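[1] 3D, please:
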Amino acid sequence: GGMSMRFIHTADWHIGMGASHVPTVAETVRAARLETAEKIIDLARERQCDFILIAGDLFDSNAVSNELVHQVLRILGQADPVQVYILPGNHDLLLPGSVYERPAFAKPPSNVHVLRERKPVYLQDGVVALLPAPVMQKRLEVDPTRDLPKTPGAKYRIGVAHGSLQIEGKYQSDDHPIALDAVTREELDYLALGHWHSWVENGDAIMPGTPEPMNFSEDSGYVVLVEIDGDQILVDGIPINTLAWIDKHL
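    Purely as a prediction, here's the structure:
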């Protein structure tokens, strides 16, 4: 018994990325990213999700054009009534001059929310707490998920962070290092991560990778569909990418 809730966890859309490594198809790549964004919105509506979590790097940089910002907000606004929560990542970090300080974000569509603070966002009448760790500096040596706020009264705690999992040989100490036991340490039911571009699963902490692959060496092109059903958490990786990359050098 108990409540049921469904959401999509995604990250690293890198909207506005130049794709300079493939200039001949750069336009195609850029268009594909927006098309994939629309597919994610459609999926969220189709599966009647309560919300979409974007765990950092929605934008490739804080210097993207205003036109692109408006385009993205228009797409996210189409998700309504599905709510959209955006965590600033290391590419679109929250500091003076951030993309999230643009006029367009002062009055976004009513279903679009930027997670600007390390304080709980309560959903479902307080039963669920989102615990965001927005990125505010380029490099960070402490675990961004350390000491997430307590949420007495909430039954479910969902962490949202952007950084690297402390997998031996796979991370730098100043790259927002997230402990492998963060979920148990912070008493989370799920930890929605972003930053790396390939799918990585570490218990109830998942890094979905970029939904629109940047090259053919990644295991990417997925979003996570997370379902809380009573005391169970069900997680499903759903392929979503628009373009397929083919390695011509095989």
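[2] hey, let's count contacts and neighbours off CA atoms from now on
    OK.
[3] beta partners for the spatially most central residue of the chain?
    Closest to where the C-alpha atoms of the chain average out (CA atoms, centre = their mean) is Ala55, at 2.2 Å. Judged by DSSP bridges, the bridge partners of Ala55 are Leu87.
[4] Tell me if Thr24 really is in a helix.
    Yes. Assessed by DSSP: H, G, I helix; E, B strand; the rest coil, Thr24 belongs to a helix.
[5] Pretty sure the residue nearest to the centre of the chain sits against Ala161.
    Yes. Using CA atoms under 8 Å, Ala55 makes contact with Ala161 at a distance of 6.2 Å.
[6] Distance check, the closest residue to Pro208 other than its chain neighbours against Asp12.
    Leaving aside its sequence neighbours, Pro208 sits nearest to Trp199 (CA to CA, 6 or more residues apart in numbering; 4.5 Å). As judged by CA to CA, to the nearest Å, Trp199 and Asp12 stand 11 Å apart.
[7] Can you check which residues contact both of these two?
    Shared contacts of Trp199 and Asp12, defined by CA atoms under 8 Å, 6 or more residues apart in numbering, are found at Gly209.
[8] who has more neighbours, the two?
    A side-by-side neighbour count of Trp199 and Asp12, using other CA atoms under 10 Å, places Asp12 first with 28 against 20.
[9] give the contact list for Pro149.
    Neighbour list for Pro149: 118-120, 131 [criterion: CA under 8 Å, 6+ apart].
[10] For this structure, just list every one of the helices.
    Counting by DSSP state H, the chain has helices at residues 26-46, 66-77, 103-106, 182-185.
[11] Any chance of TSV for those, columns distance to Ile238?
    Converted to TSV, these look like this (distance: least, CA to CA, whole Å):
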stretch	distance to Ile238
helix 26-46	10
helix 66-77	19
helix 103-106	29
helix 182-185	23
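[12] Turn those helices into a markdown table, columns for distance to Gly89 and mean pLDDT.
    Below are the helices of the chain laid out as a markdown table (distance: least, CA to CA, whole Å; pLDDT from 0 to 100):
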| stretch | distance to Gly89 | mean pLDDT |
| --- | --- | --- |
| helix 26-46 | 17 | 89 |
| helix 66-77 | 16 | 96 |
| helix 103-106 | 16 | 96 |
| helix 182-185 | 18 | 98 |
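[13] Excluding residues flanking it in the chain, which one is nearest Gly97?
    For Gly97, the nearest residue in space outside its immediate sequence neighbours is Asn62; the separation is 7.1 Å by CA to CA, 6+ apart.
[14] circling back to that earlier point, for the residue nearest to the centre of the chain, give its distance to Ala26.
    According to CA to CA, Ala55 and Ala26 sit 25 Å apart.
[15] so how far is Cys49 from Gly97?
    Applying CA to CA, one obtains 32 Å for the distance of Gly97 from Cys49.
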